[in-house]
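In: Only the shape, not the letters, is given here:
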C-alpha cells in the first residue's frame with residue numbers, strides 16, 4: 001500500500017469519528033455541497049487545509065453528490081524552502097495542486113506593517129476569489145476548524161464588542177455567484193494534530209515573512225491569547241468549547257439589548273410596553 005493510501009485509510013478508519021464523520025456532518029447540516037458544484041479547495045500548506053483536501057478527495061470518490069474540485073495553492077511570497085515543502089507534502093498526500101503567485105507579503109509589509117495579519121487576510125481573499133472566477137468555480141473551500149470558530153466568537157465579544165461568529169458558508173459580497181464554505185467546521189484542532197502525528201506528517205505552521213523575521217510575535221497575538229483563555233476555562237468546565245459553539249445557535253432575542261441587521265439597528269426599547 002502506498003503512503004498516501006495509508007493516510008487516506010487513517011481518515012476513514014482510525015479517525016472516522018473525529019474527522020471523517022464530522023466533515024460529512026458539516027456538509028449535510030449546512031448544505032455546503034450540491035450536485036454540479038465546482039469547488040476551489042484552498043491549500044495553504046498547513047495541516048488543516050491539506051486534510052480538508054484529502055477529505056474532499058474521499059467524498060468525491062465515495063459520496064453521492066457529483067461535483068468537481070480544483071486544489072489550489074496561492075504563493076503570497078513564500079521562501080523556496082516553504083514552497084518546496086508544500087510541493088513535497090502534496091506529492092506525499094497525492095493531492096494534485098495548482099500553484100499561482102501573488103505578492104501579498106511584500107505589499108502588506110509596505111502598506112500596513114502595524115496590522116499586517118488583517119490586511120493579509122483581506123488581500124488573500126480577493127486573490128482567491130479572482131482565481132476561483134478564472135477557474136470557473138462557484139465555491140471556495142477554506143480549512144477553518146471548530147477551534148477557529150469558537151476563538152472568533154470570543155475575539156468578537158472581548159475585542160470587537162459585538163457578538164458574531166465565523167459562518168459555515170456565506171455569499172461573496174464583491175464576487176457575484178461565488179460562495180465560501182467551511183466544511184471543517186465541526187473538526188477539532190487537537191484531532192487534526194493527532195492525525196498528522198499518527199501519519200508522521202510535518203506541515204507548515206505559519207510561513208509568513210513577518211513571522212520569520214520576528215516583525216510579528218505570534219505569542220503576543222490576540223488569537224493566541226484567546227487559545228490560552230479557553231484552555232484555562234476548560235480546566236473549570238470540560239464542556240466550555242461546546243457551550244461557546246452552541247451559544248451562537250441559541251441566542252434568545254427576548255433577552256438581548258439589541259441587534260443589527262444590514263443597516264437596521266434594533267433596541268429592546270422599541271417594543272417595550274412599559275415605556276409607551
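Out: Cool, the structure landed. Just so we're clear, the structure is a prediction, and the values are computed from it rather than from any experiment.

In: quick one, longest strand in the chain?
Out: strand 68-75 (DSSP state E).

In: which residue ranges form the strands in the stretch 1-150 of the chain?
Out: Along the stretch 1-150 of the chain, the segments classed as strands by DSSP state E, counting those that start in this stretch run 38-42, 68-75, 97-101, 139-141.

In: Pairing partners for the longest strand of the chain, with directions?
Out: Sheet pairing for strand 68-75, assigned by DSSP bridges, gives strand 38-42 (parallel), strand 97-101 (parallel).

In: Outside of that strand itself, list whatever touches it.
Out: With Cβ atoms under 8 Å, 6 or more residues apart in numbering as the test, strand 68-75 has contacts from 37-45, 53, 56-57, 60, 83, 86, 90, 95-102, 104, 124, 127-128, 131, 135, 137. All C-beta atoms are positioned from the backbone trio N, CA, C, and that covers glycine.

In: Pull out the buried members of these.
Out: Taking 16 or more other Cβ atoms under 10 Å as the criterion, what is buried in the contacts of strand 68-75 is 37, 39-45, 53, 56-57, 83, 86, 90, 95, 97, 102, 104, 124, 127-128, 131, 137.

In: Give me the spatial nearest neighbour of residue 175, chain neighbours excluded.
Out: In this structure, residue 175 finds its nearest non-sequential neighbour in residue 129, 4.4 Å apart by Cβ to Cβ, 6 or more residues apart in numbering.

In: who touches that neighbour in this structure?
Out: Counted by Cβ under 8 Å, 6+ apart, residue 129 has contacts 140, 172, 174-175, 178.

In: Equivalent analysis for residue 253, please.
Out: By Cβ under 8 Å, 6+ apart, the contact set of residue 253 is residue 259.

In: For residue 163, see how far away it is.
Out: Between residue 253 and residue 163 the distance is 12 Å, computed by Cβ to Cβ, to the nearest Å.

In: Over to residue 231?
Out: According to Cβ to Cβ, residue 231 and residue 163 sit 22 Å apart.

In: Any of the contacts of residue 129 buried? List them.
Out: Looks like the contacts of residue 129 have 140, 172, 175, 178 buried, using 16+ other Cβ under 10 Å.

In: where does residue 184 land in three-state SS?
Out: Following DSSP: H, G, I helix; E, B strand; the rest coil, the label given to residue 184 is coil.

In: give me the number of residues near the closest residue to it other than its chain neighbours?
Out: With sequence-adjacent residues excluded and distances taken as Cβ to Cβ, 6+ apart, residue 184 is closest to residue 145, at 4.4 Å. For residue 145, the neighbour count with other Cβ atoms under 10 Å is 25.

In: What pLDDT does the model give residue 145?
Out: If you check residue 145, the pLDDT there is 97.

In: Just to check, residue 11 is in contact with residue 58?
Out: Yes: Residue 11 is in contact with residue 58 according to Cβ atoms under 8 Å; the separation is 6.4 Å.

In: Disregarding flanking residues, what is the spatial nearest neighbour of the residue nearest the centre of the chain?
Out: Against the mean C-alpha coordinate of the chain, by Cα atoms, centre = their mean, the closest residue is residue 144 at 1.7 Å. The spatially closest residue to residue 144, leaving aside those adjacent along the chain, is residue 182, at 4.9 Å (Cβ to Cβ, 6+ apart).

In: Look at the one you found and say how many residues are nearby.
Out: Per other Cβ under 10 Å, the neighbour tally for residue 182 reads 23.

In: Distance of it relative to residue 27?
Out: 10 Å.

In: Can you give me the pLDDT of the spatially closest residue to residue 2 that is not a sequence neighbour?
Out: Nearest non-adjacent residue to residue 2, counting by Cβ to Cβ, 6+ apart: residue 94, 7.6 Å away. Looking at residue 94, its pLDDT is 97.

In: Great, nothing more from me.
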